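J.: predicted coordinates and the sequence they were generated for:
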Amino acid sequence: AWIALAVTLPAKEAALPVFVVQMIADVFASFVIYEKAWNRPENEDKTAWLLSVVAFAFNALAVTQWTVQDLFINGWMGGTAVAITVILFVRPHSAVEPVTTLET
């Protein structure tokens, strides 16, 4: 859908529909990340998520003029990073121990 809109519409008219398609895709893709962080937090890297929150904070402070698109995409992505980080640090790990095999 993104490619079809970008190719068929003039650049000025394609910007908003392409952005909407991108945001819808990001929302649906994030469901998988939320599910994994909630159900298997031990499989996520807390440091990486914490660094992404710090990076989004620095990016937000660096912007001098916000557009509506900036607010939506940075709000969504930064909010997702914060939410996942909170889940990883607050939610207890699952009770199921990971299965390991030892070769002898």
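T.: Perfect, I can see it now. Just so we're clear, the structure is a prediction, and the values are computed from it rather than from any experiment.
J.: for E44, what are phi and psi?
T.: Torsion angles at E44 (phi, psi; degrees, to the nearest 10) stand at phi -110, psi 150.
J.: do you know how far it is from G78?
T.: 17 Å (C-beta to C-beta, to the nearest Å). Any C-beta I mention is one placed from the backbone N, CA and C, and that applies to glycine too.
J.: what is the burial count for K12?
T.: If you count neighbours by other C-beta atoms under 10 Å, K12 ends up with 7.
J.: show me the helices in this structure, by range?
T.: Under the criterion DSSP state H, helices of the chain are mapped to 2-8, 11-39, 46-62, 68-90.
J.: will you turn those into a markdown table that also has mean pLDDT?
T.: Output for the helices of the chain, formatted as a markdown table (pLDDT from 0 to 100):
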| stretch | mean pLDDT |
| --- | --- |
| helix 2-8 | 75 |
| helix 11-39 | 85 |
| helix 46-62 | 91 |
| helix 68-90 | 88 |
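J.: comparing those, which comes out most buried?
T.: Greatest average neighbour count among those goes to helix 68-90 (a mean of 15), per mean count of other C-beta atoms under 10 Å.
J.: that one - contacts with which helices or strands?
T.: Packing partners of helix 68-90 (3 or more C-beta pairs under 8 Å, 6 or more residues apart in numbering; DSSP states H and E): helix 11-39, helix 46-62.
J.: distance to N74 added to these, as JSON lines?
T.: JSON lines is the format used below for the helices and strands packed on helix 68-90 (distance: least, C-beta to C-beta, whole Å):
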{"stretch": "helix 11-39", "distance to N74": "12"}
{"stretch": "helix 46-62", "distance to N74": "6"}
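J.: ok, M23 touching I73?
T.: Yes: using C-beta atoms under 8 Å, M23 is in contact with I73, at 6.9 Å.
J.: distance from the chain centre to stretch 31-45, please.
T.: 12 Å (C-alpha atoms, centre = their mean, to the nearest Å).
J.: and for stretch 28-36?
T.: When C-alpha coordinates are averaged (C-alpha atoms, centre = their mean), stretch 28-36 and its chain have centres 8 Å apart.
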